[in-house]
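Undergrad: Need the 3D shape of this:
(chains A and B)
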Amino acid sequence: MTATPSSALPAHTHAHISAPAPNAIGAPAAAGTLPASPTPHAPGPRPVDIESPGYWQQVSARLARDPVTIISAVILLLIVLSAIFAPWLAPHDPYQGNVMTRLKPVGFPGHLLGTDETGRDMLSRLLYGGRLSLVSGIVPVAFALLIGGTLGILAGYLGGAVNSMIMRITDVFFAFPSILLAIAIVGLLGAGLFNTLLSLTLVFIPQVIRISESVTTQVRSLDFVEAAKLSGAKPLTLIRHQILSNVLSPILVYCTSLVSLSIILAAGLSFLGLGVTPPSAEWGLMLNALRQAIYVDPVVAALPGAVIFVTSMCFNLISDGLRTAMDVRIKL
Amino acid sequence: MLSFLARRLLHAIPILFGVSIIVFMLVKMIPGNPLDLLLPPEAPPELVAQLTAAYGFDKPLYVQYFSWLWRTLQGDLGYSIFTGAPVAAELRSAIGNTFILAVPAACLGFTVGVTLGTIAAHYQGTFVDKIFSAFAITGVSLPHYWFAIVMVVIFSVTMNWFPAQGMHFEGLPTTWEDLKSIVLPVVTLSLIPMGVVARVTRATVLEVLNQDFVNTLHAKGLVGYEILYHVLKNAAPSVIAVIGLQFGYLLGGSILVETVFNWPGSGSLLNLAIFRRDVPVMQATIVILAFFFVLLNLLVDIAQAAIDPRIRR
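TA: You can find the predicted model right below:
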């Protein structure tokens, strides 16, 4: 730890201490008379330029000293970039099979990571597969954050009847194990990317609501919110400055770990044949298609799952790192 | 305690009511006419009208809902469209098979999880803590359907120790041969609860260790295991809450693992029903699993209140 003043809720520590200019009036007169003498303020630094490190500076300073989080972030960045630039990186067409080169092992000439059951290049399919898998991991959480976060913060801030109504409905959704609810929705509406995203969003909204509500309720009862209210802050200003700035970090940390779950669940739905439809390149679907190949080439068959594992692990480790760095004490 | 019990039971009723409404609405959201699944496209309109009336699809939604709810409450879960067999019997044996996996998986996951979490918290910041925490986060991040495949490759295909899939006995496992077929699915299923429970236990025990009363215990001259007893007792409610939730996930979320191991449990039943578009089976399976989940949450709350009187307010 550095010697920075650590406050429990450091969102407003970005303090510019603007000290009044000393001797504003007497200065011109004194300037000529005592040119050589040191000013009375000389010893010690002048307080004018002192600025306590801001909240995000502290967070990034702590993150910089956390190798695990940095390594996970770098790996994740590589995965995301390789998915974005898949068309330029992929050595082969991910949809073009070849009967002659079916199920070739890792390291086969021309196919770095081997080929799948219809002779398509595994590396190219994994690169392209990252697009659908990452989208189906991130998009549901983003929408859930938007909708669930808004509802949860409103419920926590307003309390009373609004809170009871929102939270009782949330309770009902919590009566379903999350994967069961996702499977039920996709199973009934039919397979496909859109229904996968929809079902996962619906599954995550109640979870985000519950976290946002509990965090907001905790922050709302703190003294500085009361102080802001007493000094005449309007409700919107209060939400923006006092509430949001203090509840967003824990909610974001929670959502990062939700992305990890979302990637596993989305790939799981495809694995069951309920997610994206063949011949799309998607990690869960590839894992399912290669299931019969475990007797022929277990290493190639295990690759898509290994990529899902690494990606979800990265999100979990980053979530843990952020939680420590952001000093999220509030229980999630 | 009695008034707490009564309040908590009353609280569960509207939730179950909400659950039934959600499941009913989900089924109503299925695109297309439900009778299309039963009838050939060239069916005469009189037959269509007759069946619509027989199933009550011509009645208003709320009438359909209440008649379905009334039948479900009486234990009549309808008949499978695909096999014509009563759903209740099929579901009973499937849920029994799911329990055969879920109960040992829960015992294994919770025991290992609580132990790892407690030890990690006790040795916070040391090498032991780092190893155990890494183990726990791996359990949380593993796509368990993939891990199941990896286990099959290692222990069935390569070593030939355990069968790759299927349930090779009737009723409960009794012999070592019977047990062999549950080893791989149980170990796979236990990983997620193990990871989650270990993480929560570690965080909660650390939190309790930072409370003032622990200093008092030290000052009173208590030694390691005596202090540990007090700490664990204080950490128990949070850990129990997570254990209950995880057991619920084992019941409802085992669909992926059951699919990989071809295990005839409730997950496989649901999966099959989805692909056959067998609505009565889907509806019944989801409702019953959600009912178990609500029941578990109820038990968790009661267990928490039994341990910690402050919760009973």
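
Undergrad: Checking stretch B:294-302 against chain A, do any of its residues make contact.
TA: Yes: Stretch B:294-302 is in contact with chain A by Cβ under 8 Å from any Cβ of the partner chain, via B:V294, B:N297. Every residue, glycine included, has its C-beta placed from N, CA and C.

Undergrad: buried sites along that stretch?
TA: By neighbour count with 16 or more other Cβ atoms under 10 Å in any protein chain shown, stretch B:294-302 contains the buried residues B:V294, B:L296, B:N297, B:L298, B:V300, B:D301, B:I302.

Undergrad: what does stretch A:311-331 give?
TA: Within stretch A:311-331, the residues that count as buried by 16+ other Cβ under 10 Å are A:311-323, A:325-328, A:330.

Undergrad: Where does pLDDT dip in the stretch 1-150 of chain A?
TA: Scanning the stretch 1-150 of chain A for pLDDT under 70 picks out the ranges A:1-51.

Undergrad: Apologies, that question was intended for chain B.
TA: B:31-38, B:253, B:312-313.

Undergrad: In it, which residue sits closest to chain A?
TA: Taking Cβ to the nearest Cβ, chain A has its nearest neighbour within chain B at B:W146, 2.8 Å off.

Undergrad: before we move on, which element is the closest residue in space to that residue that isn't next to it in sequence in?
TA: Spatial nearest neighbour of B:W146, excluding adjacent residues (Cβ to Cβ, 6 or more residues apart in numbering or on different chains): A:G305 at 2.8 Å. Per DSSP states H and E: A:G305 is located in helix A:298-325.

Undergrad: by contact count, what packs against that helix?
TA: In terms of contacts (3 or more Cβ pairs under 8 Å, 6 or more residues apart in numbering or on different chains; DSSP states H and E), helix A:298-325 is packed against helix A:55-64, helix A:67-84, helix A:122-158, helix A:245-271, helix A:283-289, helix B:127-141, helix B:144-151.

Undergrad: Quick check: which of those helices is buried the most?
TA: Most buried of those, by mean neighbour count (mean count of other Cβ atoms under 10 Å in any protein chain shown): helix A:283-289, with a mean of 27.

Undergrad: what does that helix contact?
TA: Under the criterion Cβ atoms under 8 Å, 6 or more residues apart in numbering or on different chains, residues A:116-117, A:125-126, A:129-130, A:132-133, A:266-273, A:275-276, A:278, A:301, A:303-305, A:307-308, B:145-146, B:149 lie in contact with helix A:283-289.

Undergrad: Could you see whether chain B lies near stretch A:55-70?
TA: No: applying Cβ under 8 Å from any Cβ, one finds stretch A:55-70 out of contact with chain B, separated by at least 9.1 Å.

Undergrad: burial measure for residue 230, as a count.
TA: No chain in the question, so chain A it is. Counted with other Cβ atoms under 10 Å in any protein chain shown, residues neighbouring A:L230 total 8.

Undergrad: Hmm, no, I was thinking of chain B.
TA: Neighbour count for B:H230, taken as other Cβ under 10 Å: 15.

Undergrad: Check A:Y295 too.
TA: Neighbour count of A:Y295, defined by other Cβ under 10 Å: 12.

Undergrad: any idea how far it lies from chain B?
TA: 6 Å (Cβ to the nearest Cβ, to the nearest Å).

Undergrad: so what's the spatially closest residue to that residue that is not a sequence neighbour up against?
TA: For A:Y295, ignoring the flanking residues on the chain, the nearest one in space by Cβ to Cβ, 6+ apart is B:V157 at 6.1 Å. Going by Cβ under 8 Å, 6+ apart, B:V157 touches A:I294, A:Y295, A:P298, B:A164.

Undergrad: And the pLDDT at the second one?
TA: Looking at A:Y295, its pLDDT stands at 79.

Undergrad: tell me which element B:E226 is part of?
TA: Using DSSP H and E, B:E226 falls in helix B:224-252.

Undergrad: and that helix with chain A, contact?
TA: Yes: applying Cβ under 8 Å from any Cβ, one finds helix B:224-252 touching chain A at B:G248, B:Y249, B:L251, B:G252.

Undergrad: And those residues, which two are furthest apart?
TA: Maximum pairwise distance in the residues of helix B:224-252 next to chain A, criterion Cβ to Cβ, is 7.4 Å, between B:Y249 and B:L251.

Undergrad: what is in contact with those two at once?
TA: The contact sets of B:Y249 and B:L251 overlap at A:P177 (Cβ under 8 Å, 6+ apart).

Undergrad: ok, the residue of chain B closest to chain A - contacts?
TA: A:L287, A:A302, A:P304, A:G305, A:A306, A:I308, A:F309.
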